[in-house]
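Novice: Got a predicted structure here, sequence first:
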Amino acid sequence: MRLCHLCRFSAMAVLVLVFGTATGASGADEPTSAAVFDDTTVHEIRLAMHSGDWSQLQAHYLENTFYPADVTWNGYTVRNAGVRSRGSGSRDARKPGLRITFDEYVDDQTFAGLKGLVLDNFRQDPGMMKEALSMALFARMGLAAPRVSHARVYVNDDYLGLFAVIEPIDKRFLRRTLGEDGGYLYEFEWAGAYHFEWLGDDPLRYAEMFDSETRENETPAQRFSTLVQMITATTRESTSSWERTMGRYFDFERLFAYLAVENFLSDHDGLTGDWGINNFYLYRFAASDRFQFLPWDKDVNFREIDRDVNESLDANFLFATAMEFRDLRDAYIQALRKCAAIATQADASGQGWLEREVGRHANQIRGAAHTDEKKAWSNERFEQEVAWMSSFARQRSGQVERQVGR
């Protein structure tokens, strides 16, 4: 089986050497990343791969094995990319979430300046737009966040369904959003309830959860020492010096803006989630002790309209202590009010921005969603969720204002 897989790869590699790594239909220019993540349209992505490889990917959807495929975006083709199943609780054999890596088989190959794409299958999102709306609010709050669009995805001309197309968090993302990429990037890997508590000084205890994405040639001590120091200070620093010490590690305005977005959106699976911290990347800037959270996988939100904005804060070692300081609590409250103001910013129709965005995305994706026969949800459930999200968008700001005003 492995030999046949290598033979198929070799044949594709010959085509790459003869014809080049990427070809535009009808001589079209390679698109920009802005075009790929244009959220005013539903794009088309076609994967051409050996039928046996696709069957293997579906049969072993819990594994991360890559398979070669030609990827065509709106008529522009990148040859011999790598495709694998992805996700945690969203893994699905029938409609797998996918990660596309353009340089898996061809060194330094990119598409639209990107090393890869993430295709989210909406396994946990019946309305099929939470990722796009969440990241848009993070961006409007001035925070670094991945760009998101929608696409109809086909595999060997079979309609796989509607997917979110998500910008990966990697060095290219860091350069675009933060202006540098030489620091330390960690992806948090949930392995059980954890709330930023101190686990001792051994960096390997933290490496199990904070997967290091950069500086791979450094030792664990080099990669994790400052992270361990930050977590140690979070839980063991005296109250009298806590704010000053933590100010070395975080820009408090950005930290509480991030927390405010999650809690405004009633996120059950974020920094103060029901199962401990989850769904984020953490970046430490080069030549600095400063960290910044980066949002990821935002589809367990838009839940209760009246969810308490202080829910689970006291269980999180970072935020429980922070809320003891009046100026830090005020920073959080002001960030929540800013979220509420952005969400309710009306146009001539009288609808607030967030409600308009729910309606715009729903109208845009409805046809692709209804014809997606492999999705985890019925069309009726899709429409129910759209109606609920519209109601949430319309009412959540008032609920938040009442809570922070008390």
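Specialist: Good, I have the coordinates.
Novice: C-alpha from now on. contacts and neighbour counts both.
Specialist: Noted.
Novice: hang on, Tyr332 is in a helix, isn't it?
Specialist: Yes - according to DSSP: H, G, I helix; E, B strand; the rest coil, Tyr332 belongs to a helix.
Novice: Relative to Phe264, how far out is it?
Specialist: Tyr332 sits 11 Å away from Phe264, going by CA to CA, to the nearest Å.
Novice: cool, and Ile277?
Specialist: From Ile277 to Phe264 the distance is 17 Å (CA to CA).
Novice: More neighbours: these two, which one.
Specialist: Using other CA atoms under 10 Å as the criterion, Ile277 and Phe264 rank with Phe264 on top: 26 against 21.
Novice: Quick one: residues contacting the more buried one.
Specialist: Val309, Leu336, Cys339, Ala340, Arg396, Ser397, Val400 (CA atoms under 8 Å, 6 or more residues apart in numbering).
Novice: can you list the residues you listed in JSON lines and add neighbour count, pLDDT and distance to Arg86?
Specialist: Shown next, in JSON lines, are the contacts of Phe264 (neighbours: other CA atoms under 10 Å; pLDDT from 0 to 100; distance: CA to CA, whole Å):
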{"residue": "Val309", "neighbour count": "22", "pLDDT": "98", "distance to Arg86": "31"}
{"residue": "Leu336", "neighbour count": "26", "pLDDT": "99", "distance to Arg86": "33"}
{"residue": "Cys339", "neighbour count": "24", "pLDDT": "99", "distance to Arg86": "31"}
{"residue": "Ala340", "neighbour count": "24", "pLDDT": "98", "distance to Arg86": "34"}
{"residue": "Arg396", "neighbour count": "22", "pLDDT": "98", "distance to Arg86": "32"}
{"residue": "Ser397", "neighbour count": "25", "pLDDT": "98", "distance to Arg86": "34"}
{"residue": "Val400", "neighbour count": "22", "pLDDT": "98", "distance to Arg86": "35"}
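Novice: In helices, which of the residues you listed fall?
Specialist: Secondary structure assignment by DSSP state H places Leu336, Cys339, Ala340, Arg396, Ser397, Val400 of the contacts of Phe264 in helices.
Novice: Leu47: what secondary structure?
Specialist: Secondary structure state of Leu47, per three-state DSSP, is strand.
Novice: Measure how buried it is and give me the count.
Specialist: The tally of other residues near Leu47 (other CA under 10 Å) stands at 25.
Novice: And the most centrally placed residue in the chain, how close does it get to Gly127?
Specialist: By CA atoms, centre = their mean, the chain has its centre lying nearest to Trp296, at 2.8 Å. From Trp296 over to Gly127 the distance is 18 Å, taken as CA to CA.
Novice: ok, now how distant is the residue nearest to Lys95 when sequence neighbours are not counted from Trp353?
Specialist: Nearest-residue entry for Lys95: Lys374, 5.9 Å, with adjacent residues in sequence omitted and distances by CA to CA, 6 or more residues apart in numbering. Note on Lys374: its distance to Trp353, by CA to CA, is 31 Å.
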